[in-house]
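K.L.:
From the sequence below, what's the structure:
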Amino acid sequence: MRRSGRFARSEDDSDINLTPMLDVVFIMLIFFIVTATFIKQAGIDVYRPDALTAEQKPTVSVLLAIGPNGDIWIDKKRVDVTAVRAHIERMHAENPKGTLVIQADRNSKSEKLMAVLSAARAAGIKEVAIATES
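P.N.:
Numbers count the residues shown, from 1 in each chain. The predicted structure is shown next:
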């Protein structure tokens with residue numbers, strides 16, 4: 001039985017259309033995926049040296065770790081010293097505005113650190129930082 005008057009509703013008005021809400025949620029999901037920055041990891045955990053003047057680097061394109069026994073890790077892979085420059089160039093080409101951050105273990109030899117720094121200079125990277133504990 002239908003009611004007449006000002007408060008009368010038809011059968012079609014009782015459904016809620018969820019399509020616009022799902023469209024908005026889907027677009028927001030795409031936006032967050034595209035704009036997200038992913039945490040880069042070198043591949044091993046190192047005990048970084050202490051520093052009083054440490055500062056945060058906003059964009060990192062290459063994260064490199066030097067272990068206590070001198071092994072070099074880039075992108076969760078162990079890399080030979082002779083191949084460091086090629087890996088740095090490849091990863092820097094993906095994000096040219098980023099910097100190189102070296103996580104050198106406090107027990108590692110400075111010889112490996114200097115080899116990585118010279119490879120970065122040969123690759124044309126101007127921004128190089130050494131990670132420390134603050």
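K.L.:
how about the helices of the chain, start to end?
P.N.:
19-35, 84-94, 110-123 (DSSP state H).
K.L.:
Sheet-wise, list the partners of the lowest-mean-pLDDT helix or strand in the chain with their directions.
P.N.:
The weakest-scoring helix or strand in the chain, judged by mean pLDDT, DSSP states H and E, is strand 60-66 (a mean of 81). Here strand 60-66 is paired, per DSSP bridges, with strand 72-74 (antiparallel), strand 99-104 (parallel).
K.L.:
circling back: and the helices of the chain as a markdown table, adding distance to Asp45, mean neighbour count and mean pLDDT?
P.N.:
To be clear about C-beta, it is placed using only N, CA and C from the backbone, and glycine gets the same treatment. Output for those, formatted as a markdown table (distance: least, CB to CB, whole Å; neighbours: other CB atoms under 10 Å; pLDDT from 0 to 100):
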| stretch | distance to Asp45 | mean neighbour count | mean pLDDT |
| --- | --- | --- | --- |
| helix 19-35 | 28 | 9 | 88 |
| helix 84-94 | 20 | 17 | 87 |
| helix 110-123 | 17 | 16 | 90 |
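K.L.:
Which of these sits closest to Gly70?
P.N.:
helix 110-123 (4.9 Å; CB to CB).
K.L.:
And that closest one, what does it pack against?
P.N.:
Helix 110-123 sits against strand 60-66, helix 84-94, strand 99-104, strand 128-130, with contacts defined as 3 or more CB pairs under 8 Å, 6 or more residues apart in numbering; DSSP states H and E.
K.L.:
hmm, 10 Å instead?
P.N.:
strand 60-66, strand 72-74, helix 84-94, strand 99-104, strand 128-130 (3 or more CB pairs under 10 Å, 6 or more residues apart in numbering; DSSP states H and E).
K.L.:
now the angle between strand 99-104 and that helix, please.
P.N.:
With axes from the mean of the first three to the mean of the last three CA atoms, to 10 degrees as the basis, helix 110-123 and strand 99-104 are set at 170 degrees to each other.
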